[in-house]
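Enquirer: okay, sequence plus prediction incoming.
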Amino acid sequence: MASFSTPPPPPSSSRGRWIYDVFINFGSEDTRKIFIGHLYKALEQKSIKTFIDGDDPDLLTTIQVSKISIVVFSKNYASSSTRCLKQLVHILDHMDPEKHIVVPIFYQVDPSHVRKLAGSLQPDHGSNASIEEMQNWRSALTKAAGISGWDSQESMDDAKFIEDIVQDIFSKLLQLSNVFINFRGEDTRLSFVAHLHKALYQKAIHAFSDLGELNKGDEISNLFNDIQKSSISIVIFSKGYAQSTWCLRELVEILECVDRKIQKVCPVFYGVSPSEVRKITGPFGDAFYRYNDNSRFDVEEVKRWRYALTRAANYSGFDRIHSKNDAELIEKIVQHTWRACRDFDV
């Protein structure tokens, strides 16, 4: 059964901050114990952090810190209370394809009835509402009904209906939680990174990573675009990391994104110590000895690589030696990334 959540404190700034994946807006008690309860449970089982509301004045703040708002229209939606209508206006005011997605669900009600404000879907709360409020509510209902969503009349039963909705929400969350994995392919591609990539996906986190081989002629600018679209970069330092100029160039770009305050970085020390990366010793020192000794490498670029390694190694991250095995390390990284994706403030 769905339980009530306590709204979070207001965001520390007017910039984006996510605390919840989903906010559920609904209007009547006839759906809470049946459809809403099952939907809430299914979302939570998919690791989708969901807020189901009560009559709390901070609910408008909660909408702002949620990635997606699900609006469940039922027959008594507009006539049950003004609460859901006020929320709906606020939801639509904050609708943004990259920051706040709105998904309408028409549960045992025709979308055209919502759009046309037919029957009980005509908001009427007497003298308690001003003319302006009534106009705003009507406009919001009409607008929301025009957004692509889900219609229960097109599904065989509630179980399949909810399953399809949850998968759709999961897919949408992947578009909003972008993470870039920077790693040396020969060291970790088929093992550690492959498992990490899968674990992130299971938490509705979309990871950009080169799980295939990079070919000559591939443009690094394409990788830079993926980096710039990500809110977090996971940098996996392994023994062969510094041998890859691709990795080093990506790392410089990642730190430039950090400087522009559009990204966070999480270093992972996999089979190497933070001091080896920071001080450019061991396998890192060997790689830079070759770079310094080879005239085809630009001196200034090599300096940028060296500085990027030293700087990245100073960020708080994860060291393989502090975990019993790769599975435990991956779980720690995924949990950290999951929280960071929701609390990221840019």
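Expert: Structure's in. What do you need? None of these values were measured; they are calculated from a predicted model. Numbering: from 1, shown residues only.

Enquirer: wasn't residue 101 part of a strand?
Expert: Yes. Counting by DSSP: H, G, I helix; E, B strand; the rest coil, residue 101 is found in a strand.

Enquirer: report the secondary structure state of the residue lying closest to it once chain neighbours are set aside.
Expert: Distances taken as C-beta to C-beta, 6 or more residues apart in numbering place residue 68 nearest to residue 101, at 4.7 Å, with adjacent residues excluded. The C-beta positions use only the backbone N, C-alpha and C, and glycine is treated the same way. Classification of residue 68 using three-state DSSP returns strand.

Enquirer: count the neighbours of the closest residue to residue 34 other than its chain neighbours for me.
Expert: Once flanking residues are discounted, residue 34 sits nearest to residue 158: 7.8 Å by C-beta to C-beta, 6+ apart. A count of neighbours around residue 158, defined by other C-beta atoms under 10 Å, yields 15.

Enquirer: if I look at residue 158, how far off is residue 108?
Expert: Look at residue 158 and residue 108: by C-beta to C-beta, to the nearest Å, they are 10 Å apart.

Enquirer: grab the most central residue of the chain for me.
Expert: For the chain, the residue sitting closest to the mean C-alpha position, by C-alpha atoms, centre = their mean, is residue 177 at 2.6 Å.

Enquirer: from what I can see that residue touches residue 205, true?
Expert: Yes. Residue 177 lies in contact with residue 205 (C-beta atoms under 8 Å); the separation is 4.6 Å.

Enquirer: spit out the residues that contact those two alike.
Expert: residue 341 (C-beta atoms under 8 Å, 6 or more residues apart in numbering).

Enquirer: which secondary structure element contains residue 199?
Expert: Residue 199 belongs to helix 194-202 when assigned by DSSP states H and E.

Enquirer: can you list the buried residues in the next helix or strand after that helix?
Expert: The C-terminal neighbour of helix 194-202 among helices and strands, as given by DSSP H and E, is strand 206-208. Within strand 206-208, the residues scored as buried using 16 or more other C-beta atoms under 10 Å are 206-208.

Enquirer: which ones are touching the closest residue to residue 341 other than its chain neighbours?
Expert: Among residues not flanking residue 341 along the chain, residue 177 sits closest, at 4.4 Å (C-beta to C-beta, 6+ apart). Neighbour list for residue 177: 204-206, 231, 341 [criterion: C-beta under 8 Å, 6+ apart].

Enquirer: of those, the lowest pLDDT goes to which?
Expert: For the contacts of residue 177, the weakest pLDDT value sits at residue 341, with 76.

Enquirer: that's a strand at that one, yeah?
Expert: No. When classified by three-state DSSP, residue 341 is found to be helix rather than part of a strand.

Enquirer: is it true that it touches residue 234?
Expert: No. The pair residue 341 / residue 234 is not scored as a contact, 11.5 Å apart, by C-beta under 8 Å.

Enquirer: between those two, which contacts overlap?
Expert: Here residue 341 and residue 234 share the contacting residues residue 179, scored by C-beta under 8 Å, 6+ apart.

Enquirer: on that earlier part again, overlap in contacts, residue 158 and residue 108.
Expert: residue 152.

Enquirer: pull out the buried residues from stretch 155-171.
Expert: For stretch 155-171, a neighbour-count test (16+ other C-beta under 10 Å) marks 161-162, 165-166, 169-170 as buried.

Enquirer: by mean pLDDT, point me to the weakest helix or strand of this structure.
Expert: The helix or strand of the chain with the poorest confidence is helix 29-31; it has a mean of 74 (mean pLDDT, DSSP states H and E).

Enquirer: hey, where'd the strands end up in the stretch 201-346 of the chain?
Expert: 206-208, 232-237, 264-269, 318-319 (DSSP state E, counting those that start in this stretch).

Enquirer: ranking these by burial, who's on top?
Expert: Each of the strands of the stretch 201-346 of the chain was scored by mean neighbour count; the highest is strand 232-237, a mean of 26, by mean count of other C-beta atoms under 10 Å.

Enquirer: what strands line up against that one, and which way round?
Expert: Sheet pairing for strand 232-237, assigned by DSSP bridges, gives strand 178-182 (parallel), strand 264-269 (parallel).

Enquirer: now mean pLDDT and distance to residue 42 too, for those strands, in CSV please.
Expert: Below are these laid out as CSV (pLDDT from 0 to 100; distance: least, C-beta to C-beta, whole Å):
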stretch, mean pLDDT, distance to residue 42
strand 178-182, 93, 24
strand 264-269, 96, 30
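
Enquirer: circling back to that earlier point, mind checking which of the buried residues of stretch 155-171 are in helices?
Expert: Judged by DSSP state H, the buried residues of stretch 155-171 include 161-162, 165-166, 169-170 as members of helices.

Enquirer: what bits of this structure have low per-residue confidence?
Expert: Within the chain, the ranges that satisfy pLDDT under 70 run 1-17, 30, 53-57, 124-127, 210-221, 342-346.

Enquirer: that older thread, relative to residue 23, which of the ones in helices among the buried residues of stretch 155-171 is nearest.
Expert: residue 169 (11.4 Å; C-beta to C-beta).
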